[in-house]
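K.L.:
Sequence and predicted structure are below.
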Amino acid sequence: GEDVEQSLFLSVREGDSSVINCTYTDSSSTYLYWYKQEPGAGLQLLTYIFSNMDMKQDQRLTVLLNKKDKHLSLRIADTQTGDSAIYFCAERWDGGYNKLIFGAGTRLAVHP
Amino acid sequence: NAGVTQTPKFRILKIGQSMTLQCTQDMNHNYMYWYRQDPGMGLKLIYYSVGAGITDKGEVPNGYNVSRSTTEDFPLRLELAAPSQTSVYFCASSSSETQYFGPGTRLLVL
């Protein structure tokens, strides 16, 4: 079945690293995404990874993909208060029309 | 390049009223989508379109209708609003690799 799971909440101290985890179920997914949603706003694409990659780094963001375990993680280095938001993991279902399947989101709280 | 725009930002409806949520994209994308986001939940797909004149149902289409007369516009219609349709509605369009989202329409049905 189609299901993307994430932990619901993460609290970190400013300056530490944050790691947000996600598991997905469709082994044929070609792309996996991380979106950020700030309060009252839409979803902002943070980064994505193609399924033939293990890792992708983009400034403070590092995405790790373990296809065997269907596990995706997002690491945010030097977490800042501006990183406080809800982070959604999504997989692109390969059955057509670029359908995305979203997790419920992880709320990241950054405290001093 | 405005990306994906949605109007209105917020609306209150009475039960049984109808309304149209507008969505426009200027990226010349063929694929467009409507999602709803309920509190504490991820996004659920309502309808999608793969090009002008072609639409299809997503996971939660009941109570909604769509049309796609142009590449740019993909309006979502609620005919008989119900309290269960209280939600935040997001429109998105897709390139070959990524989906881009509008800012959302917050709808309250009382």
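P.N.:
Received, thanks.
K.L.:
Taking chain A, what residue is nearest to chain B?
P.N.:
In chain A, no residue comes nearer to chain B than residue A:102, which is 3.6 Å away by CB to the nearest CB. To be clear about C-beta, it is placed using only N, CA and C from the backbone, and glycine gets the same treatment.
K.L.:
Apart from its chain neighbours, what residue comes closest to that residue?
P.N.:
By the measure of CB to CB, 6 or more residues apart in numbering or on different chains, the closest residue to residue A:102 outside its immediate chain neighbours is residue B:42, 3.6 Å from it.
K.L.:
any idea how far the closest residue to chain A within chain B is from residue A:86?
P.N.:
The minimum distance from chain B to chain A, using CB to the nearest CB, falls at residue B:42 (3.6 Å). From residue B:42 across to residue A:86, the span is 10 Å (CB to CB, to the nearest Å).
K.L.:
Between these two, which contacts overlap?
P.N.:
Common neighbours of residue B:42 and residue A:86 (criterion: CB atoms under 8 Å, 6 or more residues apart in numbering or on different chains): residue A:105.
K.L.:
what's the pLDDT at the residue of chain A closest to chain B?
P.N.:
Residue A:102 carries a pLDDT score of 91 in this model.
K.L.:
Pull the contacting residues for it.
P.N.:
Counted by CB under 8 Å, 6+ apart, residue A:102 has contacts A:4, A:88, A:89, A:90, B:42, B:43.
K.L.:
Stretch A:66-83 near chain B anywhere?
P.N.:
No - using CB under 8 Å from any CB of the partner chain, stretch A:66-83 stays clear of chain B, with a minimum separation of 14.5 Å.
K.L.:
Chain B against chain A: which residues are in contact?
P.N.:
Contacts of chain B with chain A, taken as CB under 8 Å from any CB, map to B:31, B:40-43, B:45, B:48, B:50, B:56, B:58, B:90, B:92, B:94, B:96-104.
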